[in-house]
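Novice: give me the fold of what follows.
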Amino acid sequence: PAGSHNARGRAGWRERSADSQWPEVESSVHLPTDKPTSSPGSQHFRLNFTVTNLLYSQDLAQPGTTTHQRNKRSIENALNQLFRNSSIKSYFSDCQVLAFRSVPDSSHTGVDSLCDFSPLARRLDRIAIYEEFLRLTLNGTQLQNFTLDRNSVLVDGYSPSRNDVLTENSDLPFWAIILICLAGLLVLITCLVCCFLVTLRRRKKEGDYEVQQHRLGYYLPHLDLKWQ
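Specialist: So this is what the prediction gives:
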């Protein structure tokens, strides 16, 4: 009958449909993260600065919070746009914010970031990056909507004012080093001469005492018991 034929047809279609289901997609799909990747041969430069119009909070310091992610993206976009419009743009790859930190004695936020540049930039060093950053941020005071503390800008620990202070405190002129060495040598020679004179004087005293004993024994023979 037509009814039973149609029923068998529908049952067979359901069986074929069940057998021909699409395979399940594996759930272990690697989703892209917000951290940019750098090539193995890139030059890494640490860029640190303080944002004065961004109040520090524990919420900002936690990587998983919305506040952290929003400000992280904003600063990374500002840094990437800055260097991509700079004189060293042909060597620039990207920048990423590593952490937000508190600044002592203030409510400001310190930013630790890492910027990657092409390994082909042989002449590119931290001083060149520092000067370019200052030139494009109104002397280190403005990064788009973020206000910066000019004295907080460091590239791989370099800052002209900081470097000058360390140089004044640690380095000595060449002539000063020579004078110090000569003074030390003179003190050593003086000590040796004094030791020699003291030893010579003691030996001379001991010799005079022995001669005096001999003279007393010669001129005073009556003290000997043999003559009594």
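Novice: can you give me the strands for this structure?
Specialist: Along the chain, the segments classed as strands by DSSP state E run 43-51, 92-102, 109-117, 142-143, 146-147, 154-155.
Novice: just put these in a markdown table and tack on mean neighbour count and distance to Gln81.
Specialist: Every C-beta, even on glycine, is put in place using the N, C-alpha and C of the backbone. A markdown table is the format used below for the strands of the chain (neighbours: other Cβ atoms under 10 Å; distance: least, Cβ to Cβ, whole Å):
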| stretch | mean neighbour count | distance to Gln81 |
| --- | --- | --- |
| strand 43-51 | 19 | 14 |
| strand 92-102 | 18 | 10 |
| strand 109-117 | 20 | 13 |
| strand 142-143 | 18 | 10 |
| strand 146-147 | 18 | 12 |
| strand 154-155 | 20 | 18 |
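Novice: so which of those strands is nearest His68?
Specialist: For those, proximity to His68 was assessed by Cβ to Cβ; strand 92-102 is nearest, at 6.8 Å.
Novice: sheet-wise, list the partners of the closest one with their directions.
Specialist: Next to strand 92-102 in the sheet, as set by DSSP bridges, lie strand 109-117 (antiparallel).
Novice: show me where this protein has helices.
Specialist: For the chain, applying DSSP state H gives helices covering 2-19, 58-61, 66-84, 126-136, 160-170, 174-219.
Novice: compare the mean pLDDT across those and name the weakest.
Specialist: Between these, the one with the least mean pLDDT is helix 2-19; it has a mean of 51.
Novice: give me the domain ranges for the chain.
Specialist: What the record gives for the chain is the domain set 43-170, 172-207, from automatic domain parsing.
Novice: return the most buried member of the ones you listed.
Specialist: Across the domains of the chain, averaging neighbours per residue (mean count of other Cβ atoms under 10 Å) puts domain 43-170 on top, at a mean of 16.
Novice: for Asp156, give me its contacts.
Specialist: Phe45, Arg46, Arg126 (Cβ atoms under 8 Å, 6 or more residues apart in numbering).
Novice: before we move on, what about Phe100?
Specialist: Tyr56, Leu60, Ala61, His68, Asn71, Lys72, Thr109, Gly110, Val111, Asp112.
Novice: in TSV, list the strands of the chain along with distance to Ala183 and mean pLDDT.
Specialist: As requested, those are exported to TSV (distance: least, Cβ to Cβ, whole Å; pLDDT from 0 to 100):
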stretch	distance to Ala183	mean pLDDT
strand 43-51	42	96
strand 92-102	46	97
strand 109-117	45	97
strand 142-143	51	97
strand 146-147	52	98
strand 154-155	38	97
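Novice: let's have those strands in TSV, adding distance to Glu131.
Specialist: Shown next, in TSV, are the strands of the chain (distance: least, Cβ to Cβ, whole Å):
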stretch	distance to Glu131
strand 43-51	13
strand 92-102	15
strand 109-117	14
strand 142-143	16
strand 146-147	20
strand 154-155	9
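Novice: do you know how far the nearest residue to Thr50 once chain neighbours are set aside is from Val103?
Specialist: Nearest non-adjacent residue to Thr50, counting by Cβ to Cβ, 6 or more residues apart in numbering: Ser152, 3.7 Å away. The spacing between Ser152 and Val103, counted by Cβ to Cβ, to the nearest Å, is 8 Å.
Novice: from Arg73, how far out is Asp112?
Specialist: Distance from Asp112 to Arg73, by Cβ to Cβ: 16 Å.
Novice: wait, Gln43
Specialist: Applying Cβ to Cβ to Gln43 and Arg73 gives a distance of 24 Å.
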